[in-house]
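Enquirer: Task: produce atomic coordinates for the following.
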Amino acid sequence: MGAIREGQAAARASAGAAPSISPLALLLVVGSLMTVSALATDVMLPAFPTMARAFGVSDATIQQVVSVFMLGYALPQFLIGSLADRFGRRPVLVGGLLVYLAGSVACLAAPSLGWLLAGRFVQGLGSAAGPILSRAVLRDLYAGAELGRMLSYAMIVFSAAPLLAPAIGALMLRLGNWELIFVFLLLVAVALIALVLLALTETLARPDPDALRLGGVWRNAVRVAGDPRSAWSLLFMTFTYAGLMAYLLSASALYIGWFGLDESGFALVFAVVAATSFVTQPVNARLLRRYEPVQVVGVALPAFLVVGALMLVQALLGALTLVTFVVSVSAFFACFSFIMGNGTTMALDPHEERAGIASGLLGFAQLALGTALGALIGGFAEHGPVALATGLTLLALLAYPCYRLAARRGDAPSDRLT
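Expert: Have a look, this model is predicted:
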């Protein structure tokens with residue numbers, strides 16, 4: 001961690017940021033904040049069949065508890081980023097987590113599916129602050145390959161969410177019923193609020209007084225979207241994120257409905273797949289000591305295409321077993337880990353002075369388009385794994401040309417303000 005500490009000091013000196021907490025504590029805080037949305041989605045997955053029976057709806061309909069959450073998660077991205085560029089990261093984080101807590105209470109008290117979906121929407125609105133501002137905090141303090149390394153280290157903490165969340169959901173079902181899942185999410189909100197208040201110092205060095213004015217929002221958004229490297233990076237990450245959402249929304253139907261696992265077996269296999277990130281993120285951090293983020297993505301995206309194509313061939317031939325499916329999606333998770341952290345670095349690096357709105361724009365594109373594409377693919381999951389395999393292959397084919405355009409413009413001048 002000596003190199004991280006040196007990189008943090010150098011980045012603060014160049015950016016003018018206020019002194020921050022220690023690197024290890026920073027990684028714990030931002031990694032935990034990144035888990036907010038992942039916990040709120042993945043913990044629900046083992047409960048899908050039980051909830052569908054409780055409300056008398058189909059497996060495809062109950063997926064709305066994730067889709068509606070992701071809609072709420074997508075909508076405030078611009079506002080949260082702009083608020084944080086104007087008032088700072090810390091107060092906006094606390095406000096968002098309070099909204100998330102309120103949504104958890106609403107879900108716990110919901111008398112019907114409609115009310116539950118309303119509560120999930122509110123949860124999504126509040127949860128957006130965590131991932132957006134965790135990226136912005138790191139961009140406040142780091143740049144270039146050092147930013148990529150810190151994102152990788154933070155993702156190790158984040159990786160605990162998909163690893164543990166389904167097991168926690170299965171445990172809640174064994175202890176009582178699916179409502180206990182929302183008790184857990186409520187406690188998570190309380191813990192994260194305390195963590196921000198006690199451990200996180202403000203990292204925004206120079207608040208933007210125009211960040212909330214319509215002209216300022218428009219100008220900052222145009223600068224981010226108009227930067228070729230940022231724009232094309234945003235697109236290839238959106239297609240990659242759609243692959244993750246397709247897997248998440250297909251997981252319950254495939255593992256439980258197609259391969260015949262029970263809730264505990266589902267949680268175990270899901271954790272095995274998610275554990276891939278514990279290997280890939282440290283590897284990525286080491287690679288970034290020798291290679292640039294754009295170079296790592298240049299290998300990971302073709303690998304993503306190969307993984308999807310091999311899974312599709314097996315599915316079409318009827319040769320896809322539980323073991324080969326787990327191997328395939330684990331390989332996809334590995335590619336996802338290399339693509340997203342480095343792609344985020346490519347997208348945010350030119351925008352030191354507007355990291356909040358840049359992170360928000362990145363999040364909005366991933367969530368709006370990525371979730372819609374993922375939900376489209378996941379809607380066919382009850383018919384078997386062919387839809388997921390086809391979707392992953394097509395998404396990889398869409399992502400790679402976007403990456404090539406981003407890489408080609410990697411040497412273009414940035415509009416970083418001084």
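
Enquirer: okay, CA-based contacts and neighbour counts for the rest of this
Expert: Fine.

Enquirer: Okay, now the unreliable bits of the stretch 51-200 of the chain?
Expert: 162 (pLDDT under 70).

Enquirer: Quick one: the helices in it, in order.
Expert: 59-62, 64-74, 77-87, 89-108, 113-127, 129-141, 144-158, 160-175, 180-199 (DSSP state H, counting those that start in this stretch).

Enquirer: closest one to Ala275 among those helices?
Expert: helix 160-175 (6.0 Å; C-alpha to C-alpha).

Enquirer: If we go by neighbour counts, what in the closest one is buried?
Expert: 160-173 (16 or more other C-alpha atoms under 10 Å).

Enquirer: max-length helix in the protein?
Expert: helix 322-348 (DSSP state H).

Enquirer: Let me see the residues that make contact with whichever helix or strand comes after it.
Expert: Counting by DSSP states H and E, the next helix or strand C-terminal to helix 322-348 is helix 355-365. With contact meaning C-alpha atoms under 8 Å, 6 or more residues apart in numbering, helix 355-365 is reached by 74-75, 77-82, 84-85, 132-133, 135-136, 139-140, 220-221, 224, 234-235, 238, 347-348, 351.

Enquirer: Equivalent analysis for stretch 376-383, please.
Expert: 60, 245-250, 253-254, 257-258, 387-388, 391.

Enquirer: what do you get if the cut-off is 10 Å, keeping everything else the same?
Expert: By C-alpha atoms under 10 Å, 6 or more residues apart in numbering, the residues outside stretch 376-383 that reach it are 59-61, 63, 242-243, 245-254, 256-258, 370-372, 375, 385-392.

Enquirer: May I have it exported as CSV, CA atoms only?
Expert: Taking Å, rounded to 0.1, in the frame of the first residue of the first chain, the C-alpha atoms of stretch 376-383 are listed here in CSV:
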residue,chain,number,x,y,z
LEU,A,376,-35.1,-7.8,-22.4
ILE,A,377,-32.7,-10.7,-22.3
GLY,A,378,-33.7,-11.9,-18.9
GLY,A,379,-37.4,-12.0,-19.9
PHE,A,380,-36.6,-15.2,-21.9
ALA,A,381,-34.7,-17.0,-19.2
GLU,A,382,-37.5,-19.4,-18.3
HIS,A,383,-37.0,-20.9,-21.7
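
Enquirer: Let me know the angle separating the helix or strand harbouring Ala242 from helix 64-74.
Expert: Element membership for Ala242, per DSSP H and E: helix 228-252. Inter-element angle recorded for helix 228-252 and helix 64-74: 160 degrees (by axes from the mean of the first three to the mean of the last three C-alpha atoms, to 10 degrees).

Enquirer: Past helix 228-252, which element shows up next along the chain?
Expert: Following helix 228-252 toward the C-terminus (DSSP H and E): helix 263-274.

Enquirer: Run through the neighbouring helices and strands of that following helix.
Expert: For helix 263-274, the elements it packs on are helix 48-55, helix 160-175, helix 228-252, helix 322-348, judged by 3 or more C-alpha pairs under 10 Å, 6 or more residues apart in numbering; DSSP states H and E.

Enquirer: rerun that using 6 Å as the cut-off
Expert: helix 160-175 (3 or more C-alpha pairs under 6 Å, 6 or more residues apart in numbering; DSSP states H and E).

Enquirer: which strands and helices sit next to the helix it packs on?
Expert: If you count contacts as 3+ C-alpha pairs under 6 Å, 6+ apart, helix 160-175 packs onto helix 23-42, helix 263-274.

Enquirer: repeat that for 10 Å
Expert: helix 23-42, helix 180-199, helix 263-274, helix 276-287.

Enquirer: so for the helix holding Ala242, what's the average pLDDT?
Expert: Averaged over helix 228-252, pLDDT sits at 88.

Enquirer: Run the chain-centre distance for it.
Expert: The chain centre lies 9 Å from the centre of helix 228-252; the measure is C-alpha atoms, centre = their mean, to the nearest Å.

Enquirer: Give me the angle between it and helix 23-42.
Expert: Using the same axes, to 10 degrees: helix 228-252 against helix 23-42 is 50 degrees.

Enquirer: Between helix 355-365 and helix 228-252, find me the angle.
Expert: Going by the same axes, to 10 degrees, helix 228-252 makes 50 degrees with helix 355-365.

Enquirer: the inter-axis angle of helix 228-252 versus helix 48-55?
Expert: Using the same axes, to 10 degrees: helix 228-252 against helix 48-55 is 70 degrees.
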